[in-house]
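[1] only geometry, no sequence info:
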């Protein structure tokens, strides 16, 4: 029966160690403060909102989609996403982008959009009243 | 009102039945009938409640907040029914309904097996009670009225005949930025409507409808199936706790096995239906995206599968002559069966509490603090119940372990397999839970960690069948595995040669998966003439092996190309010749199919990806289309469509065009090029400082008879933008800036001096469809493997359910 602990234990130990290692390697932090994103050349998941006034832009030649995003403090940054515009970008209220900040722009490998007002059934019109 | 009362009564009946079942277990002799009656009363109430709710959906009773928010008129019957579970309240309701129905069957099952019923049903009833509390009027009541809490309703959904009524004006709001009007639905408005004799049914005439992302076939089967799986995961938990309550660990093993098998089958099949939905309709491009929602339901499934294997060992060791102990792995089995349900609850917590808000493409709503707290109490109760019972009985759970001659026995192989499965569950669980702590992991984390585990599982899948229970002679194994080893080497070489499998780890995985495949095929072939019910395990394992081979093949040539197809002009990709033939509207002109002819040699086919504008999401929706062959899928996702006119009509009658520096456009006979911005030196500073400034766009216009430079401009005075147009009489042209793009593009509105619009030159009108084309080799092995595995599970469940009566 010692075998049980030997085989099982080995698998658990090896994979726990591997997991901890890979976790530290592939771990991406969520960050809602753009100032700290701009100072590090690390991959982040930046959370913030789309600056609607500055519109967005689709560059067909380079197949990029870019827009401006701001954090809670109003700090803005330009986001360039190497891909097509997400399905419901126009109605987006908050955005999560994954990528790095290099030379003044945030190069995103992934854009995640959230449109809570549409899904929750509570139009965000309180501000305009 | 009736609905809320019915659900409240059901909750009361459920509490009564739990108490009565518990008292019966404690030795009361007159409580069993009350327990049964109240359980069945509860079931009837829940089923009646669900029927009422479905009826309200089918008859569009928008006075219910839920139905207004998630349902609407104009949906086909199947999708209309599926709005039942499109939101939180409804999906909890569906889960409750299925749990209750599973409970009816479980009551029948347990009442025929000794004194099992009171214990199992008390625990199972506790789970139903929690679910019923969730949908009670206190928390997420599906029958809540729309006026119960202030709610903004788009004026478009209100009967227009009433919109001008004077008393309504004080409830009318408009959103300045979008120009939409809303009615604030509140108890006051409800009272006002009531006193004017207007019924809500006449007042609200349309609901928000179903999210178009959910409007497809799979919405009708994936969520219900998943909830059946969730409901069935309650059963092993109830059996485990029941065993601990009685302190008897012999009977529950065979009694719970059919439930574990069938529940795991349903849950696994449901998960992969979701995978197929994401692949075939939502355009995720693969069979698995490591999305938190997928992951969180995968974890309990893996634990369920692990428990199947260790339960089998315990069952075998109990069957041994002269063994009157509790059998091998009793502790492991109890823990795994408890964990399965706790993980289902944890999955619900992750996806329903709003805690993963930022981490997933699934949209999560924040259900509010009370629901969050209740979910925590729900999980906490079941964790404490599980751990508490285990600790309480721990000293009874030790087992005099047997000494095996060597490590070559099936018991150990199955245990090691279970440990490998548990390790993979831990990995997925850690990765998925990371966002709670503000962290997240890349897909690489999952891929790199699960690959070696998959290799171990593949090897054990084959190897364990070559082993006998208790003891195997090493030489026998080698003798028995000649065929399988030869077969797997050949198959691996084929995969390397034809499927582009080159990475070392993938090659090892290919060997392990094909080894599993051939061992199982050989065993299955030998027993196919015997008792067919014995085939279950082998069939399921063949399915898993096929699934793995699909995964391996899929990783080889997963190639992707971005293409722009001009209408009528063939283009080659992956050996196919693609020609965009034009688009056609369908679904009453709401959606568009973009037909692409795909030719390979002499055979031609059409793929038609879909794009449409959804008002619900206020965005462009895209659906891929797939051309399936046996060994590969040709997967086409639409990206964008350009009708070639470039210039789109703008509101002020001109045509609009966006130009980057150096680009030019044709307008009538004139060619207009954007040269540069005229940016006064101090403009930058004043702009930053919020002062007044003016920016011009220098445009060169070439027309018949000469060329000239004009400069329309934008002026910012006290933060307000003014646009100053430029005119050129020689070219009959008026140019106005409409916007300065952040990227350095200018948006121009072009018109003739008399305001007339000119169509662009016909020569430049090319219809261009941009697509993303990719090859998905062997992906059908994955779906096929899933079907085979499910079939194997079913056969096994039937076999074990017959044995459970013995």
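    Yep, it's here. Worth saying up front: this structure is predicted, and the values here are computed from it rather than measured.

[2] Read off the pLDDT value for the closest residue to chain A within the stretch 1-150 of chain B.
    Ranking the residues of the stretch 1-150 of chain B by distance to chain A (Cβ to the nearest Cβ) places residue B:69 first, at 4.0 Å. (Each C-beta comes from the backbone N, C-alpha and C, glycine too.) pLDDT, residue B:69: 92.

[3] go on, the one 10 residues further on?
    According to the prediction, residue B:79 has pLDDT 96.

[4] quick one: residue B:246 from chain A, how far?
    As judged by Cβ to the nearest Cβ, to the nearest Å, residue B:246 and chain A stand 27 Å apart.

[5] near chain A, which residues of the stretch 201-350 of chain B show up?
    Neighbours of chain A within the stretch 201-350 of chain B, by Cβ under 8 Å from any Cβ of the partner chain: B:208, B:211, B:213.

[6] Among those residues, name the buried ones.
    Using 16 or more other Cβ atoms under 10 Å in any protein chain shown as the burial test, these include B:208, B:211, B:213 as buried.

[7] Now do the phi/psi pair for the residue of the stretch 1-150 of chain B closest to chain A.
    phi -80, psi -30 (degrees, to the nearest 10).

[8] Regarding the residue most central in space within chain A, what is its secondary structure?
    Geometric centre of chain A, nearest residue: residue A:97, 2.8 Å, by Cα atoms, centre = their mean. Assigned with DSSP: H, G, I helix; E, B strand; the rest coil, residue A:97 falls in the strand class.

[9] pretty sure it is touching residue A:111, no?
    Yes: Residue A:97 is in contact with residue A:111 according to Cβ atoms under 8 Å; the separation is 5.3 Å.

[10] Pull up the overlap in contacts between the two.
    The contact sets of residue A:97 and residue A:111 overlap at A:79, A:81 (Cβ atoms under 8 Å, 6 or more residues apart in numbering or on different chains).

[11] mind listing the helices for chain A?
    A:2-26, A:34-38, A:116-120 (DSSP state H).

[12] do the longest one and chain B meet?
    Yes: using Cβ under 8 Å from any Cβ as the criterion, contacts between helix A:2-26 and chain B involve A:3-4, A:7-8, A:11-12, A:15-16, A:18-19, A:22-23, A:25-26.

[13] Can you select the buried ones among those for me in PyMOL?
    A single PyMOL command selects the buried members of the residues of helix A:2-26 next to chain B (16+ other Cβ under 10 Å):
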select buried, chain A and resi 3+4+7+8+11+12+15+18+19+22+23+26
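
[14] Turn the residues of helix A:2-26 next to chain B into a markdown table, including pLDDT.
    Shown next, in a markdown table, are those (pLDDT from 0 to 100):
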| residue | pLDDT |
| --- | --- |
| A:3 | 75 |
| A:4 | 76 |
| A:7 | 84 |
| A:8 | 85 |
| A:11 | 88 |
| A:12 | 88 |
| A:15 | 90 |
| A:16 | 90 |
| A:18 | 90 |
| A:19 | 91 |
| A:22 | 88 |
| A:23 | 89 |
| A:25 | 85 |
| A:26 | 83 |
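
[15] Residue B:594 sits in which helix or strand?
    Per DSSP states H and E, residue B:594 falls inside strand B:591-600.

[16] C-terminal to that strand, what's the next element?
    strand B:603-607.

[17] so that next one versus strand B:591-600, what angle?
    160 degrees (axes from the mean of the first three to the mean of the last three Cα atoms, to 10 degrees).

[18] Report the distance from strand B:603-607 to the chain centre.
    Chain-centre distance of strand B:603-607: 30 Å, with Cα atoms, centre = their mean, to the nearest Å.

[19] Buried residues of the helix or strand following it, list them for me.
    As assigned by DSSP H and E, the chain's next helix or strand after strand B:603-607 is strand B:610-614. Across strand B:610-614, burial judged by 16+ other Cβ under 10 Å covers B:610, B:611, B:612, B:614.

[20] Can you tell me the element residue B:702 falls in?
    Under the criterion of DSSP H and E, residue B:702 resides in strand B:693-703.

[21] for the helix or strand just after that strand, what is the average pLDDT?
    Per DSSP H and E, strand B:693-703 leads on to strand B:706-710 as the next helix or strand towards the C-terminus. Strand B:706-710 carries an average pLDDT of 82.

[22] Partner strands of strand B:706-710 and their direction?
    Using DSSP bridges, the strands paired with strand B:706-710 are strand B:693-703 (antiparallel).

[23] what comes up buried for the partner strand?
    Buried, per 16+ other Cβ under 10 Å, within strand B:693-703: B:693, B:694, B:695, B:696, B:697, B:698, B:699, B:701, B:703.

[24] Looking at those residues, which is nearest chain A?
    Proximity of the buried residues of strand B:693-703 to chain A (Cβ to the nearest Cβ) peaks at residue B:695, which lies at 15.0 Å.

[25] so who does the residue lying closest to residue B:605 once chain neighbours are set aside touch?
    Nearest residue to residue B:605, sequence neighbours excluded (Cβ to Cβ, 6 or more residues apart in numbering or on different chains): residue B:598, at 4.9 Å. Going by Cβ under 8 Å, 6+ apart, residue B:598 touches B:576, B:577, B:578, B:604, B:605, B:606, B:607, B:627, B:634.
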